[in-house]
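Asks: Sequence and predicted model, in that order:
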Amino acid sequence: MQIDKPEIVAEVRAAFTACETAFVANDATTRDALFWDHPAVLRIGPGEVAEGKAAVSAFRRGRDIGYPRLTDIVITRYSDDFATAFCEYEWTGPKPRGKQSRTWLRTPAGSRNCAAHVGLAPVGRAP
């Protein structure tokens with residue numbers, strides 16, 4: 001198994017970046033298109049769980065609280081069809097910092113986010 005084939009990582013990074021751009025712009029159409037259209041889609045965050053693409057979309061459409069700046073983005077592609085993205089996030093102002101992870105799956109339509117976890121956590125890498 002070859003991990004992190006450059007062309008595959010680039011594909012996921014492009015989808016990840018497009019998704020981030022859509023989040024920041026509150027572009028629900030693009031954001032929704034980058035989630036896998038399947039009932040198994042899952043988003044877990046502080047105080048909420050959304051199961052299925054429709055529930056994830058409804059959750060995101062129901063909030064307009066801005067979007068944090070992402071740092072330390074690490075994308076790892078494990079096969080031609082599966083990747084993870086991990087990063088830290090920080091808000092401007094007094095909001096808490098945290099970490100998030102996303103799982104990306106290659107579909108006939110391209111790489112799609114199929115699972116996300118957002119958590120408030122200490123920032124920094126483990127030794």
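Replies: Structure received. This structure is a prediction, so every number in the text was calculated from the model and none was measured. Numbering: from 1, shown residues only.

Asks: Tell me the confidence at the spatially most central residue of the chain?
Replies: Nearest residue to the geometric centre of the chain (Cα atoms, centre = their mean): Arg102, 4.2 Å. What the model reports as pLDDT for Arg102 is 95.

Asks: May I have the beta-bridge partners of it?
Replies: Here Arg102 sits in beta bridges with Ala85, Ala116, going by DSSP bridges.

Asks: Just confirm it contacts Arg112, I think it does.
Replies: No. Assessed by Cβ atoms under 8 Å, Arg102 is found out of contact with Arg112, at 10.3 Å. All C-beta spots, glycine's among them, are computed from the backbone N, C-alpha and C.

Asks: mind listing what the residue nearest to the centre of the chain touches?
Replies: Counting by Cβ atoms under 8 Å, 6 or more residues apart in numbering, Arg102 touches 16, 84-85, 113, 115-117.

Asks: From the residues you listed, list the buried ones, please.
Replies: Using 16 or more other Cβ atoms under 10 Å as the burial test, these include 16, 85, 113, 115-116 as buried.

Asks: Quick check: chain neighbours aside, which residue is closest to Cys19?
Replies: Distances taken as Cβ to Cβ, 6 or more residues apart in numbering put Leu34 closest to Cys19, at 4.5 Å, once the chain neighbours are dropped.

Asks: cool, Ile44 as well?
Replies: Nearest residue to Ile44 in three dimensions, chain neighbours excluded: His117, at 4.9 Å (Cβ to Cβ, 6+ apart).

Asks: Next one: the one you found relative to Ser101, how far apart?
Replies: Per Cβ to Cβ, to the nearest Å, His117 is found 5 Å from Ser101.

Asks: in the protein, which ranges drop under the pLDDT threshold?
Replies: The model of the chain has pLDDT under 70 over residues 63-66, 121-127.

Asks: let's go with 80 and repeat that
Replies: Scanning the chain for pLDDT under 80 picks out 1, 60-67, 91-96, 121-127.

Asks: can you give me the strands for it?
Replies: For the chain, the strands defined by DSSP state E occupy 42-45, 48-51, 69-79, 82-90, 98-107, 110-120.
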